[in-house]
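*Asks:* could you look at this predicted model? Sequence included:
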Amino acid sequence: MKVHFIAIGGNVMHALALSLHHGGHHVTGSDDIIYDPARTALEKAGLLPDSLGWNPLRIHAGLDAVILGMHAQTDNPELAAARALGIKILSFPELVYERSKNKERVVIAGSHGKTTITSMLIHVLSYHKQPFDYLVGSTPRGLDSAIRLTENAPTIIIEGDEYLSSPLDPRPKFLNYQPHIVVVNGIAWDHANVFPTVESYNEQFKNLVDAVPKAGSLIYNKEDSAAEKICAPAHKNRTDIIGLPYGVHSNRQKNGKTYLKTDENDVEVRFFGKHNLINVSAAKIVANRLGISDARFYEAISSFEGAPRRLEKLTETTQRIVFLDYAHAPSKLAATVQAVREQFPKSRLVALMELHTYSSLNLGFLPQYKNTLKGADEMGVYINPTNFEQKKIAPFAPGTLKNNFNSKDLKELHSIADIQDFLQPKGDKHTVYLLMSSGNFGGFSPQEWAKSIR
């Protein structure tokens, strides 16, 4: 195929472009901004555009398809040229479906836990050398890409995002995959810019559940009230599908370590927190559906080190530990803080998070953050001032964050210097630092800062 990617710099978009390129297809692309790691990866493969920006001359009748990313706008000149020439235009979820329509498709959905559950399954299947393809939000440990699409793998494991597929396709990405096995791990309102109400957001998951095909499997978190409300009726009323609810995996804690209780023996694992004990229950059920026995699942999961940026330990000394997490939406934030607080009950907990998405900077959505940092001894919220300008939103009035997070002690941070000052070690008490963001802290590097910890 000859394929052109509009907005090739996206996390999944560039990984998909590289996958097709390595598969022998002719790939070109464009974008108006490309950050690392995408930039370096594309340059190494010879796919980095010769210049940034949009050029309709890149679009020609010899293309088999144009892949349209969400970063592009509906008035994109390359998109206009493709439409004028009648070239097939696909979102990346549509392309993934086209490349996997003869496979068994497993979609991991939910407002939180998607990347971790998908990464757990990738680890277990890889451990047992099972052939499979995958699509995940961040590159799994031990692998060199966030996506793998082959001709012969019988199964594909897909992290199914509920966000829109492309500027031309307002359907959630997960609906385009047409899955045989669906996991709904929890539902908490997000993406207020496209789903302005809780009801409109929840409706997307109802549509996903309704789309489970005959003889398909619906696997859902029974301890999440929204997921239970949507999935349980389908489980009860649809006799043509298999409904499999799950909750927190039976476990015990000892000396700061977590053990999964099984019929045979207790299995030590390297992750912790209630949310991860829910995630592992989902992963086990999916693995069972794919032919992995409980014993083989536990054998593999004991060596799972977690997904990148999901409670990723950056450093540990006798006095300090630094974790980096992707948490940014309210439900993710609360679960992550709670997990660390419970794992280190006697330590001083310093929590820093970044608000940078459209939803998180929306005054109508901000009350969802109430008490999400509760449990931290010190809490800071960073906002890059340029985010307000880029999103054409008025900056918050003084005290807005303190009121909405329900903490008079919360520190409002607006620069790298503010972050560095907030993170300065104080006293000799054992301290856990928890840094949470789906952005980049305005250029502040948690990884580099963690190297300086003593």
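*Replies:* In hand now; what should we look at?
*Asks:* so where's the stretch 251-400 of the chain shaky on pLDDT?
*Replies:* Within the stretch 251-400 of the chain, no stretch falls below the threshold (pLDDT under 70).
*Asks:* which residues in it form helices?
*Replies:* Ranges of helices in the stretch 251-400 of the chain, per DSSP state H, counting those that start in this stretch, are 274-289, 294-301, 330-343, 385-390, 400-405.
*Asks:* with the stretch 1-150 of the chain instead?
*Replies:* Under DSSP H, counting those that start in this stretch, the stretch 1-150 of the chain gives helices at 11-22, 38-44, 77-85, 92-100, 114-127.
*Asks:* buried set for the first one?
*Replies:* Neighbour-count burial for helix 11-22, with 16 or more other C-beta atoms under 10 Å as criterion, is recorded at Val12, Met13, His14, Ala15, Leu16, Ala17, Leu18, Ser19, Leu20, His21. In this view, the C-beta of every residue, glycine as well, is placed from N, C-alpha and C.
*Asks:* Ser331 touches Ser111, doesn't it?
*Replies:* Yes: contact criterion C-beta atoms under 8 Å: Ser331 and Ser111 qualify, at 5.9 Å.
*Asks:* name all residues that sit in contact with the two at the same time.
*Replies:* Here Ser331 and Ser111 have Gly186, Ala188 as joint contacts, going by C-beta atoms under 8 Å, 6 or more residues apart in numbering.
*Asks:* what's the neighbour count on the closest residue to Lys101 other than its chain neighbours?
*Replies:* Leaving aside its chain neighbours, Lys101 sits nearest to Gln178 (7.7 Å; criterion: C-beta to C-beta, 6 or more residues apart in numbering). The number of residues packed near Gln178 is 16, by other C-beta atoms under 10 Å.
*Asks:* secondary structure class for Gln178?
*Replies:* Three-state call for Gln178 (DSSP: H, G, I helix; E, B strand; the rest coil): coil.
*Asks:* list the contacts for it?
*Replies:* The neighbours of Gln178, taking C-beta under 8 Å, 6+ apart as the test, are Tyr97, Lys101, Arg105, Ala211, Pro213.
*Asks:* now the fourth one. Nearest residue, chain neighbours left out?
*Replies:* Right, Ala211. Nearest one to Ala211, counting by C-beta to C-beta, 6+ apart, is Leu175 at 6.3 Å.
*Asks:* secondary structure element holding that neighbour?
*Replies:* helix 173-176 (DSSP states H and E).
*Asks:* residue at max distance from the center of this protein?
*Replies:* Distance from the C-alpha centroid of the chain peaks at Ala61, with 35.8 Å (C-alpha atoms, centre = their mean).
*Asks:* so that one sits against Ala84, correct?
*Replies:* No: at 10.4 Å, Ala61 and Ala84 do not qualify as touching, with contact defined as C-beta under 8 Å.
*Asks:* may I ask you to confirm that Ala234 is in contact with Asp210?
*Replies:* Yes: assessed by C-beta under 8 Å, Ala234 is found in contact with Asp210 at 7.2 Å.
*Asks:* neighbour count: these two, which is higher?
*Replies:* In terms of neighbours (other C-beta under 10 Å), Ala234 is the more surrounded of Ala234 and Asp210; the figures are 18 against 11.
*Asks:* from Pro385, how far out is the more buried one?
*Replies:* Counting by C-beta to C-beta, to the nearest Å, the gap from Ala234 to Pro385 is 45 Å.
*Asks:* again with Ile158
*Replies:* 37 Å.
*Asks:* who's more crowded, these two?
*Replies:* Neighbour count, other C-beta under 10 Å: between Ile158 and Pro385, Ile158 has more, with 26 against 10.
*Asks:* pretty sure Tyr433 contacts Ile321?
*Replies:* Yes: under the criterion of C-beta under 8 Å, Tyr433 makes contact with Ile321 at 7.0 Å.
*Asks:* quick one, which of these two is more surrounded?
*Replies:* Comparing Tyr433 with Ile321 by neighbour count (other C-beta under 10 Å), the higher total belongs to Tyr433, at 24 against 21.
*Asks:* now the more buried one: closest residue in space, sequence neighbours ignored.
*Replies:* Val322 (4.5 Å).
*Asks:* count the neighbours of the one you found for me.
*Replies:* 23.
*Asks:* who's in contact with it?
*Replies:* Contacts of Val322 (C-beta under 8 Å, 6+ apart): Lys313, Leu314, Thr315, Glu316, Val432, Tyr433, Leu435, Pro446, Trp449, Ala450, Ile453.
*Asks:* now the helix or strand hosting Ala227, how far from the chain's geometric center?
*Replies:* Using DSSP H and E, Ala227 sits in helix 225-237. Averaging C-alpha positions (C-alpha atoms, centre = their mean, to the nearest Å) puts helix 225-237 23 Å from its chain's average.
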